[in-house]
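Engineer: got a sequence here, can you build the structure:
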Amino acid sequence: TIRILSRNENKQVTMRNEFQDERLRFLIGDIRDKERVEKAFEDIDIVFHTAALKHVDLIEYNPSEAIKTNIMGSQNVIDAAIKQNVNVVVGIGTDKAVSPLNTYGATKLVMEKLFVSANHFKSSKHKTKFFPLRYGNVVASSGSVIPKFIEQIKKKKEITVTDPDMTRFSITMNHALDFILNCVKKSNG
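Structural biologist: The predicted model follows:
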């Protein structure tokens with residue numbers, strides 16, 4: 001069984017229609033709701049925590065919402081995983097957590113620190129291994145700038161660049177997935 005917990009019902013319907021796999025279970029919910037997360041984690045071996053608010057400009061305007069999702073929601077994931085005795089929990093981070101300059105990077109850095117410190121709860125009763133992963137921009141992922149650039153090019157508009165001297169580190173979706181799965185095999189928490 002693969003459970004997908006998300007508050008985005010439209011993406012769940014799209015995924016269900018595209019894959020039509022009876023192993024998939026679609027759960028509407030939000031990581032801010034600890035009870036829902038606990039229920040979703042019953043009898044689960046591996047959790048991939050990818051939920052986050054990540055649009056930098058919106059987060060700067062709404063920092064308390066980013067704290068609720070990216071930090072408190074991450075703590076809910078940790079608590080639920082320990083309670084349900086999940087084997088492995090992977091927290092998906094970002095390169096923006098390196099010496100963060102904005103609220104998004106700061107909240108993701110805290111998520112990473114929560115995951116690292118959660119490993120101190122290991123015991124004979126609680127075996128869950130936690131580890132955060134950090135990488136750069138995934139090309140054409142949700143919220144990626146690539147679709148925006150393509151739209152601007154098609155409409156013959158100027159491409160929006162925050163700073164001409166800025167460097168972006170990007171990887172493909174396949175590279176990101178390979179990285180995540182290899183880390184699950186090799187991680188000690």
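
Engineer: now for the worst-scoring helix or strand of the chain on mean pLDDT, which elements pack on it?
Structural biologist: Sorting the helices and strands of the chain by mean pLDDT, DSSP states H and E puts strand 137-138 at the bottom, at a mean of 82. Counting contacts by 3 or more CB pairs under 8 Å, 6 or more residues apart in numbering; DSSP states H and E, strand 137-138 packs against strand 170-171. Quick note: C-beta positions are derived from backbone N, CA and C, even for glycine.

Engineer: could you give the mean pLDDT of the strand it packs on?
Structural biologist: Averaged over strand 170-171, pLDDT sits at 84.

Engineer: what lies in contact with it?
Structural biologist: For strand 170-171, the external contacting residues (CB atoms under 8 Å, 6 or more residues apart in numbering) are 135-139, 179.

Engineer: at 6 Å instead, please
Structural biologist: Residues outside strand 170-171 that contact it (CB atoms under 6 Å, 6 or more residues apart in numbering) are 136-137, 139.

Engineer: after that strand comes which helix or strand?
Structural biologist: helix 173-186 (DSSP states H and E).

Engineer: ok, of the contacts of strand 170-171, which come out buried?
Structural biologist: Buried members of these, counted by 16 or more other CB atoms under 10 Å: 137, 139.

Engineer: will you turn the contacts of strand 170-171 into a markdown table that also has distance to Phe169?
Structural biologist: A markdown table is the format used below for the contacts of strand 170-171 (distance: CB to CB, whole Å):
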| residue | distance to Phe169 |
| --- | --- |
| Gly136 | 3 |
| Asn137 | 6 |
| Val139 | 11 |
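
Engineer: which non-adjacent residue is nearest the most centrally placed residue in the chain?
Structural biologist: Centroid-nearest residue in the chain: Thr50, 1.8 Å away (criterion: CA atoms, centre = their mean). Nearest non-adjacent residue to Thr50, counting by CB to CB, 6 or more residues apart in numbering: Ile92, 4.7 Å away.

Engineer: that's all I had, so thanks and see you.
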